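Trainee: need coordinates for the below:
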Amino acid sequence: MLVSLLGAVVWRAKESRDAAKQREQMVLLQEIQLKKALPPPPIPPVPAVTPMTYVAVAQNMLFARDRNPNVIVKPAPVPPPPPPMPDLPTASGAMTFNGETSVFLTARSGGPQKVYRTGDTIGPFKLVSVTPKGIVFDWEGKLVERRFDELKPKENMLAQNTNVSASAPPVASSQSVVSVAGSGSTDKSSPGADTGVGQRTCQVGDTSPNGTVVNGYRKVIAASMMGQSCHWEAVK
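Mentor: Okay, here's the model as predicted:
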């Protein structure tokens, strides 16, 4: 039985070896099926070299900025704003003598009141003309027109002008050309301070009638652009 069992094992091993050789031969003798390979895509043609292709390179060269045709123009600096116009002088009155109109003006910055005529300057302003409604000034080549009521001095300025010394120019009210006494005389019916144009002003409280002659001066009361005007003129 042992010999029979050993013989069966040897026979089974021989069958397995023969089967393995048979499978090996079948694999080695099998014909390989070759697949046809697809041809590669065509290579795109190389474009021709043109100068326009390198325009960007030539224009943006760091060492040759003059090649760029686009000239960068720097914007002009913004001019500073014009200076604001200073305050106009105040007008206290006006009078007409021999066809020429004079006005009493006081600078806003301070100073005495003076008589100005066409063409005179007061601070940065030049008196261009006096109209029935107001005054035309020239400031840096620009005409500035204001009405008389817009140039009327404030109450505090009028109070200061009434306290000026006797040698200061006369102060005129906004309604009529009158003045405080400049000669120190207590007679209100006599001529006041000299205006510099051959006339004298009327004092406050002067109630003498029109045509009164005192000390070689005749009293003249007339209607003006700013109301009733009063002055003394020399008797010729």
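Trainee: next structured bit after the helix or strand bottoming out on mean pLDDT in the chain?
Mentor: Lowest mean confidence among the helices and strands of the chain (mean pLDDT, DSSP states H and E): strand 178-179, at a mean of 34. On the C-terminal side of strand 178-179, the nearest following helix or strand under DSSP states H and E is strand 199-203.
Trainee: for that following strand, give the mean pLDDT please.
Mentor: For strand 199-203, mean pLDDT is 78.
Trainee: give the buried residues for that strand.
Mentor: Across strand 199-203, burial judged by 16 or more other Cβ atoms under 10 Å covers 199, 200, 201, 202, 203. Backbone N, C-alpha and C define where each C-beta goes, glycine included.
Trainee: stretch 202-212 now?
Mentor: 202, 203, 206, 208, 212.
Trainee: go on, stretch 103-122?
Mentor: 103, 104, 105, 106, 107, 113, 114, 115, 116, 122.
Trainee: how does this structure divide into domains?
Mentor: Listed domain ranges for the chain are 90-147, 168-234 (source: automatic domain parsing).
Trainee: right, and the helix or strand after the biggest helix by length in the chain?
Mentor: Across the chain, the helix with the greatest residue count (assigned by DSSP state H) is helix 2-28. Scanning forward in sequence from helix 2-28 by DSSP H and E, the next helix or strand is helix 55-59.
Trainee: measure the most centrally placed residue in the chain to residue 138 for me?
Mentor: Geometric centre of the chain, nearest residue: residue 81, 4.0 Å, by Cα atoms, centre = their mean. According to Cβ to Cβ, to the nearest Å, residue 81 and residue 138 sit 21 Å apart.
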